[in-house]
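[1] Sharing a model prediction with you, sequence too.
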Amino acid sequence: MSLLKLFKKKGDLQGRGILVFENTSEVIRGERVLQDAGWKIRVMGPPPEIRTGCDLIIEFPLMEELNILRSLQGAGIEPLQVVPVNSPLLQPVDIFQTKDFGQHLMVRAANMKLTVDKTTHTVVNISGGGCPDVPYLAQEMVGKLLDEAPSPREIGHTLCGYALQLAYEEMTRRC
C-alpha cells in the first residue's frame, strides 16, 4: 500500500492546516482561545519536518484560517507559521498512545504517562516528563479514583502538567 493511500485511510489530508508557535505556552493559550470561541481544533505533535524540540502544534480547519487568525490576534497570540496539510509528510503526529497491560490501562500524552486500574479506576502511576511539578502531581493523584483525583490543570503549572491533563482527559473518556 502506498504511503499516500495509508494516510488517506487515516484521515483526509485536505482541508486541515497547522499553526506553529514559538513555544508551548503559546500553544496552550491559543488552544484555550480557540476552544472558547468554538473552533474545532486539536493539539498535536508537529510533523518531523518542522519539529524543533519539545513542540506542540494546533491543527485547524483550513477554510477558517482568516477567522482563526483574527481570534488569536485578538488575544495577542501570533503563530510563527500557518502551514496547509497538503502532503503526508506534513501530517501532524498524534500525541496519544494507549497501552493495555491487562489489569491496568496506560495513556501517554507527549512525555507524560497516566496508568489506571481498569477495574477500580484508581490512579496507580504517573511518570514521565522532567518538569519540577511531576512529583507533586503524582503525590496528589496516585491512589485516588480517577473521578476523585484533582485535575492536573488545577494543580500543575508546567508543560508536563498540561500533557498530564491531556492524558487525564483521554483516560476519563476511556474509563
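    Nice, thanks for sending it over. Residues are numbered from 1 along each chain as shown.
[2] residue ranges with poor pLDDT in this protein?
    The model of the chain has pLDDT under 70 over residues 1-14, 52-54, 87-93.
[3] Which parts of it are strands?
    Listed in chain order, the strands of the chain (DSSP state E) span residues 16-20, 42-44, 57-61, 81-84, 96-100, 104-109, 112-117, 123-128.
[4] Make a markdown table out of those strands and add mean neighbour count and distance to Tyr136.
    The way it works is simple: take the backbone N, C-alpha and C, and place the C-beta from them, glycine included. Shown next, in a markdown table, are those (neighbours: other C-beta atoms under 10 Å; distance: least, C-beta to C-beta, whole Å):
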| stretch | mean neighbour count | distance to Tyr136 |
| --- | --- | --- |
| strand 16-20 | 22 | 31 |
| strand 42-44 | 18 | 23 |
| strand 57-61 | 22 | 28 |
| strand 81-84 | 15 | 35 |
| strand 96-100 | 12 | 23 |
| strand 104-109 | 20 | 18 |
| strand 112-117 | 23 | 13 |
| strand 123-128 | 18 | 10 |
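[5] Next, format these as a markdown table and append distance to Leu145.
    Below are the strands of the chain laid out as a markdown table (distance: least, C-beta to C-beta, whole Å):
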| stretch | distance to Leu145 |
| --- | --- |
| strand 16-20 | 36 |
| strand 42-44 | 26 |
| strand 57-61 | 32 |
| strand 81-84 | 41 |
| strand 96-100 | 20 |
| strand 104-109 | 14 |
| strand 112-117 | 9 |
| strand 123-128 | 8 |
